[in-house]
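Trainee: I'll drop the sequence and a predicted model, then ask my questions.
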Amino acid sequence: MHTKVHEVIKQLSAAFRKKFDDYKGLYLFGAYLDEREHEDEDIEIVALFEVEDRSKRGEIWPIIGQVETANDVTIDLYPYTEEAFKKDEELYQEVMETGRFYNPLGITKRSKV
């Protein structure tokens with residue numbers, strides 16, 4: 001995997017693990033799956049939590065900003081519960097077909113929710 005993307009996933013996973021007891025992992029999808037640099041593309045990520053609400057989003061976005069600044073990237077993050085993610089049928093289907101799952105430790109494995 002592209003080193004910058006790997007670093008982003010590692011940093012996000014560590015920060016989410018530290019901040020949220022209910023963090024379940026994340027999916028990388030989109031252009032960066034091909035393991036090459038994409039100057040004009042966002043790193044697209046779905047992050048899964050047991051609870052996802054306005055309060056949690058308020059805590060997530062500063063983390064995203066710090067990781068973006070530290071790595072000179074733009075992250076397009078979709079925070080979801082597993083149930084809400086499955087209800088977003090179009091995104092869910094795309095991620096399940098092409099995405100790569102990373103457990104809370106940032107270790108990848110192909111898996112469905």
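Mentor: That came through, no problem. The structure displayed is predicted, hence computed values, not measured ones. Numbers count the residues shown, from 1 in each chain.
Trainee: Not including adjacent chain positions, what is the nearest residue to residue 70?
Mentor: residue 11 (6.9 Å; C-beta to C-beta, 6 or more residues apart in numbering). No exception for glycine: its C-beta is placed from N, CA and C like everyone else's.
Trainee: secondary structure element for the one you found?
Mentor: Per DSSP states H and E: residue 11 is located in helix 3-19.
Trainee: In that helix, which residues are buried?
Mentor: 5, 7-9, 11-13, 15-16 (16 or more other C-beta atoms under 10 Å).
Trainee: could I get these as JSON lines with distance to residue 37 and pLDDT?
Mentor: Converted to JSON lines, the buried residues of helix 3-19 look like this (distance: C-beta to C-beta, whole Å; pLDDT from 0 to 100):
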{"residue": "5", "distance to residue 37": "9", "pLDDT": "92"}
{"residue": "7", "distance to residue 37": "13", "pLDDT": "94"}
{"residue": "8", "distance to residue 37": "13", "pLDDT": "95"}
{"residue": "9", "distance to residue 37": "15", "pLDDT": "95"}
{"residue": "11", "distance to residue 37": "18", "pLDDT": "97"}
{"residue": "12", "distance to residue 37": "19", "pLDDT": "98"}
{"residue": "13", "distance to residue 37": "21", "pLDDT": "97"}
{"residue": "15", "distance to residue 37": "23", "pLDDT": "98"}
{"residue": "16", "distance to residue 37": "25", "pLDDT": "98"}
